[in-house]
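**Student:** Can you look at this prediction? I've put the sequence above it.
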There are 2 protein chains.
Amino acid sequence: MENKTQLSVMGGGLVGCLLSLYLAKQGYPVAVYERRPDLRRADLAGGRSINLALSDRGWRALETIGISEDIKKVAIPMYRRVMHDTQGHLSFQPYGQEGQAIYSVSRGGLNRALLDLAEAEPSISLNFEQQLLEVEVSSNKVSMLDVAANKEYQVQPDVIFAADGAYSMVRLSLQKTDRFNYEQSYLDYGYKELTIPPNADGSWQLEKNALHIWPRGQYMMIALPNIDGSFTCTLFFPFEGDLSFASLKAPEQLREFFQEVFPDAVPLMPDLEQEFFENPTGSLVTVKCLPWRHKGKILLVGDAAHAIVPFYGQGMNAGFEDCTVLRGLLQEHEHDWDTIFKTFQDLRKPNTDAIADLAVYNFIEMRDKVADPRFLLQKKIEAQITAQFPDAWLPLYSMVTFSPDLPYAQALANGKRQEEMMNELMQYIQSEADYHKPEVQEYLQRHLGKGSI
Amino acid sequence: MENKTQLSVMGGGLVGCLLSLYLAKQGYPVAVYERRPDLRRADLAGGRSINLALSDRGWRALETIGISEDIKKVAIPMYRRVMHDTQGHLSFQPYGQEGQAIYSVSRGGLNRALLDLAEAEPSISLNFEQQLLEVEVSSNKVSMLDVAANKEYQVQPDVIFAADGAYSMVRLSLQKTDRFNYEQSYLDYGYKELTIPPNADGSWQLEKNALHIWPRGQYMMIALPNIDGSFTCTLFFPFEGDLSFASLKAPEQLREFFQEVFPDAVPLMPDLEQEFFENPTGSLVTVKCLPWRHKGKILLVGDAAHAIVPFYGQGMNAGFEDCTVLRGLLQEHEHDWDTIFKTFQDLRKPNTDAIADLAVYNFIEMRDKVADPRFLLQKKIEAQITAQFPDAWLPLYSMVTFSPDLPYAQALANGKRQEEMMNELMQYIQSEADYHKPEVQEYLQRHLGKGSI
């Protein structure tokens, strides 16, 4: 199929690359513009491993372009949460059924693989160090800056896909048009990336196939494994207050604090002070907006349309699912961009709103509840329910993470109903054995015996 | 008192002018920059009268600069709502106690009076047709455009007050900084201004001292009197749908629709078709953001900080109240801008959030409920409660409108408690006479007999 419609994809990140591949396969010439240099030629992250959690929605997308097997080779399955308490004692919570896992993958590595595929596609042109300054929405004229030459120029694609991230400049141009609903809201928490390096023999200093959590009520640290034997730790911590980024000023004070609250992690972090005070403090934003489109001319996708906080590990997965849905609509409606964009927005908006809310909620759960005995008991009871009624009760986490396509909004609605049931049920339950009490079993048979909720 | 701190006020509208006067009285030199031409020299509104509802918070501010008496001479008190039904029958609802009124004033006239005062102040410089392009937040460098000369230049004031309205460019610069929470949300309704001209003798074609409403469930029209004998009507109407701005396309169709739903208004509107199709369709936005300040260097005020929909008639009043609060803080904390701005934000944010929500709620009430017999009965019962317990029960509308300083958030909280009480009480009430039923009186004595809520 040949096509003369000029498409531009703004942003050469994960979503921009994947979308470009889908558009090219549909027969369109695609120009990709990326503000940063080609990360395959530049060592941008300064050697640090930044990893992401890839789950079934993401894998589904990678399968369509034939790289899931290659990526799986360098991805680390994490089968369970490992909770570290203040004495260094561990407890465990599987993410799903036997064999189910979320995968720690390198953001840079995945992006490089996608760029290689895009570059191999003759109808895709990759343009690096090209910064989008503004879009004149009425005409689709885009003002660009060639960063190296420091020269401004204009392009005027027929259709613009904005995959330019949480701080999208395309969205900023849309925001100035009439009746554009927009919200950016920040948590009062920031994050700091720290490192647990490998052992001298290259092995991992903590259990490799797990996501580690140090939940501490008002803050928490997590660690995800990298293939080089290291872990990337992320401390989620208040910006202000008695214990906060603002209050931790001196190296001795920092070490003392870490010794007290993360005693088993400190010996594994030789560069703690240096990293803490030199690495930037990131902020955590949720972005919601509507419309995502301007006629059949401009479409926001991925973080540009719906940036979420990272606590469900679904940011990239949701962006890839955008591409999956668009791919289907491209095939169904061919060149009818107006219909494609309208349908895409109608289909996706309720679901990305749902995952945005779930991500904020999961922060509370990870930070706070996974150290609560009642919560852990409830999770064990829920596991028993799942075992007894596998067709009627799938845990919320599994619906989000291990389904390739259950709509997020449906998962959220199911999860709310389950939570209401558990609130009733847990009144009868003080231990795991109470699961077998007649009133508990009666309740479950009444609600779950005849079919799925 | 002399002061060398250079202050700039961005925006020469109502709030910008009033704030400049307060700053000048405090001894500061003030440069005011306004994007539009001097409206005292230009006929900007094309002869149309655009009016605003001024109430006690606004009057309180005007008194401090000695122009309330002058403005009162050209303001029209509106003592009650006059509801027009589809047969042209009228019903009435007083706004407050005997003698209490909201005032219809000309936005242009009020702005001109404030500009005259500002111009007479030696330490204020007024700069028209100067457009703010961007603020470099880290340095307070402001890029300006001299519109007439089409020339860019920079200024670098010590402190910037952003009174540049709902589409504030200062706020847009702040929005790009880290951790700026921002929301702009639009109603699905637009508005269109129409005119009921005066009688040949210059008198008013409808009752002069009232705000007229044609409530129609899913839409409504209102009319406010002007001193030239005309009324400015505003039709609030869905953008899309069966009956909407999008669906009313032809002059005959428009007239037929108006004949059917506003039969008593149509004969008074000779230019209906022309105005409807030539006047712009306005949109209705609520803006919320936080922080309102950057250190002690930049402060958002008025619509730039908290644009609201017009349905409580409090937009200007809330902006003027900002100035009142700032005036007190300027006197209390003198040059400590950091403290002034922080305190201002802490004091005002909960209140402007409250009036924003009240304004949206009042749209529903005006559009929908004022034609509902149960709602009108409830209002009559509430009037009886106010008469019997004047210290314990002030209607929400009065708390917002006829108090010079009750915090909006307090009014909203009181109003919610009253609504809960009325929900209980109205179960016993089918007519005005039921107010005297023993169970009603007992309930009221129990809840209101001993003090105010």
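**Tutor:** That came through fine.

**Student:** The residue lying closest to residue A:152 once chain neighbours are set aside: what secondary structure?
**Tutor:** Nearest residue to residue A:152, sequence neighbours excluded (Cβ to Cβ, 6 or more residues apart in numbering or on different chains): residue A:145, at 5.4 Å. Just so you know, the C-beta spots here come from the backbone N, C-alpha and C atoms, and that holds for glycine as well. Recorded secondary structure, residue A:145: strand (DSSP: H, G, I helix; E, B strand; the rest coil).

**Student:** what sits opposite residue A:145 in the beta ladder?
**Tutor:** Residue A:145 forms beta bridges with residue A:131, residue A:152, as assigned by DSSP bridges.

**Student:** right, and it touches residue A:133 too?
**Tutor:** Yes. Proximity of residue A:145 to residue A:133 meets the contact threshold set by Cβ atoms under 8 Å, at 5.6 Å.

**Student:** Show me the common contact partners of these two, please.
**Tutor:** In terms of Cβ atoms under 8 Å, 6 or more residues apart in numbering or on different chains, residue A:145 and residue A:133 are both contacted by the residues residue A:152.

**Student:** more crowded one of the two?
**Tutor:** residue A:145 (16 against 12; other Cβ atoms under 10 Å in any protein chain shown).

**Student:** residue contacts, that one?
**Tutor:** Taking Cβ under 8 Å, 6+ apart as the test, what residue A:145 contacts is A:130-131, A:133, A:151-152.

**Student:** Return the closest of those with respect to residue A:10.
**Tutor:** Closest to residue A:10 out of these is residue A:130 (9.2 Å), distances taken as Cβ to Cβ.

**Student:** isn't that closest one right next to residue A:147, touching?
**Tutor:** Yes. With contacts counted by Cβ under 8 Å, residue A:130 reaches residue A:147, the gap being 7.0 Å.

**Student:** Can you work out which residues contact both of the two?
**Tutor:** residue A:35.

**Student:** Compare neighbour counts for these two and give me the winner.
**Tutor:** Between residue A:130 and residue A:147, residue A:130 has the larger neighbour count (other Cβ under 10 Å), namely 21 against 14.

**Student:** partners of the closest residue to the more buried one other than its chain neighbours in the sheet?
**Tutor:** Nearest residue to residue A:130, sequence neighbours excluded (Cβ to Cβ, 6+ apart): residue A:33, at 4.4 Å. Applying DSSP bridges to residue A:33 gives these bridge partners: residue A:10, residue A:127.

**Student:** Count the neighbours of residue A:33 for me.
**Tutor:** Neighbours of residue A:33 (other Cβ under 10 Å): 24.

**Student:** And residue A:253, by the same measure?
**Tutor:** Using other Cβ under 10 Å, residue A:253 has 11 neighbouring residues.

**Student:** Same check on residue A:17?
**Tutor:** With other Cβ under 10 Å as criterion, residue A:17 counts 28.

**Student:** Remind me which helix or strand it belongs to.
**Tutor:** helix A:14-25 (DSSP states H and E).

**Student:** got the CA positions of that helix in CSV?
**Tutor:** What follows is helix A:14-25, C-alpha atoms only, in CSV (Å, rounded to 0.1, in the frame of the first residue of the first chain):
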residue,chain,number,x,y,z
LEU,A,14,9.2,4.3,23.3
VAL,A,15,5.7,5.2,22.1
GLY,A,16,6.9,7.4,19.2
CYS,A,17,9.0,4.6,17.8
LEU,A,18,6.4,1.9,18.1
LEU,A,19,3.7,4.1,16.6
SER,A,20,6.0,5.0,13.7
LEU,A,21,6.5,1.4,12.9
TYR,A,22,2.7,0.8,12.9
LEU,A,23,2.2,3.8,10.6
ALA,A,24,4.9,2.7,8.3
LYS,A,25,3.5,-0.8,8.0
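
**Student:** And the contacts of that helix?
**Tutor:** A:7, A:9-10, A:30, A:32, A:34, A:61, A:64-65, A:107, A:110-111, A:114-115, A:117-118, A:121, A:123-124, A:161, A:163-164, A:301-303, A:316, A:319-320, A:322-323, A:326-327, A:330.

**Student:** Now the buried members of those residues.
**Tutor:** A:7, A:9-10, A:30, A:32, A:34, A:61, A:64-65, A:107, A:110-111, A:114-115, A:117-118, A:123-124, A:161, A:163-164, A:301-303, A:316, A:319-320, A:322-323, A:326-327, A:330 (16 or more other Cβ atoms under 10 Å in any protein chain shown).

**Student:** out of these, which are inside helices?
**Tutor:** Among those, the members falling in helices (DSSP state H) are A:61, A:64, A:107, A:110-111, A:114-115, A:117-118, A:303, A:316, A:319-320, A:322-323, A:326-327, A:330.

**Student:** Cross-check the residues you listed against chain B and keep the overlap.
**Tutor:** Among those, no residue lies close to chain B (Cβ under 8 Å from any Cβ of the partner chain).

**Student:** Point out where chain A drops to low pLDDT.
**Tutor:** A:1-3, A:43-49, A:450-453 (pLDDT under 70).

**Student:** in it, which residue is closest to the centre?
**Tutor:** Centre of chain A computed as the mean C-alpha position; nearest residue by Cα atoms, centre = their mean is residue A:315, 2.4 Å away.

**Student:** and residue A:132, how far is that from chain B?
**Tutor:** 14 Å (Cβ to the nearest Cβ, to the nearest Å).

**Student:** Let me fix that, I meant to ask about residue A:20.
**Tutor:** 27 Å.

**Student:** just residue A:441 next, same as before
**Tutor:** Taking Cβ to the nearest Cβ, one finds residue A:441 at 41 Å from chain B.

**Student:** go on, residue A:256?
**Tutor:** 28 Å.

**Student:** who touches that residue in this structure?
**Tutor:** Neighbours of residue A:256 in contact, by Cβ under 8 Å, 6+ apart: none.

**Student:** chain center to whatever helix or strand it lives in, what's the gap?
**Tutor:** With elements taken from DSSP H and E, the one containing residue A:256 is helix A:251-261. Centroid displacement of helix A:251-261 relative to its chain, using Cα atoms, centre = their mean, to the nearest Å, is 30 Å.
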